Structures are given as structure tokens and as C-alpha cells.
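Could you look at this predicted model? Sequence included:
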Amino acid sequence: MIIVKPSALAKKALGLIIQRVEEKGVRLVSIKTSLLDVHSIEKKLLEEKEEKNKQELINAKKIPCVLIIIQGKSSV
């Protein structure tokens, strides 16, 4: 599963992300917009060094994101 964070959505990079995934020969199974509970991904947000507003996201109850389910040989 790929989680596209708000910063990537703000940069309008979703199309580029999907394109790169498809170029690797991975099949997109499902795409869904969602509000994720920050506590479930807090560790990942803390590891993210480039996220300028990560503390703001951690303080929020839920954050908007796009979830992409993938399938293929090179997917992990």
C-alpha cells in the first residue's frame, strides 16, 4: 500500500506518483481518498525529514491522504 501524504497532494504530484508506479509494471488495484488517524502513522511522520509541517500534522486528529493498493512482482 502506498500512502500519498498531504504535502504530495498539495504539490499536485499524485499523477506523477501513479505514473511512476505503473512504469515499474505494478498494477493499481484500488485508489481511495481517506482521513487517516495520525496515531496509526505517527512513527512514519516522525521519520520523515523533509516534511516541513510534520508537527502540525501530528497535532491534528486526522489528515487527508490518498491510499493506493498495488499488486505485482516488484511491490512490497
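Yep, that arrived. Residues are numbered from 1 along each chain as shown.

Apart from its chain neighbours, what residue comes closest to residue 72?
residue 26 (3.8 Å; Cβ to Cβ, 6 or more residues apart in numbering). From N, CA and C alone the C-beta is placed, and that goes for glycine too.

For that neighbour, give me the pLDDT.
pLDDT recorded at residue 26 is 90.

Please tell me how far residue 69 sits from residue 29.
According to Cβ to Cβ, to the nearest Å, residue 69 and residue 29 sit 4 Å apart.

Which helix or strand in the chain has the lowest average pLDDT?
helix 54-59 (a mean of 63; mean pLDDT, DSSP states H and E).

Please could you give me each C-alpha atom of the helix or strand just after that helix, formatted as PDB?
For helix 54-59, the following helix or strand on the C-terminal side (DSSP states H and E) is strand 62-71. Output of strand 62-71 as PDB, limited to C-alpha atoms (Å, rounded to 0.1, in the frame of the first residue of the first chain):
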ATOM      1  CA  LYS A  62      -6.900  13.200  11.200                       C
ATOM      2  CA  ILE A  63      -5.000  14.000   8.000                       C
ATOM      3  CA  PRO A  64      -6.200  13.800   4.400                       C
ATOM      4  CA  CYS A  65      -4.400  11.400   2.200                       C
ATOM      5  CA  VAL A  66      -4.800   9.100  -0.800                       C
ATOM      6  CA  LEU A  67      -4.400   5.300  -0.300                       C
ATOM      7  CA  ILE A  68      -3.200   3.200  -3.300                       C
ATOM      8  CA  ILE A  69      -3.300  -0.600  -3.200                       C
ATOM      9  CA  ILE A  70      -0.800  -2.100  -5.600                       C
ATOM     10  CA  GLN A  71      -0.100  -5.600  -6.900                       C
END
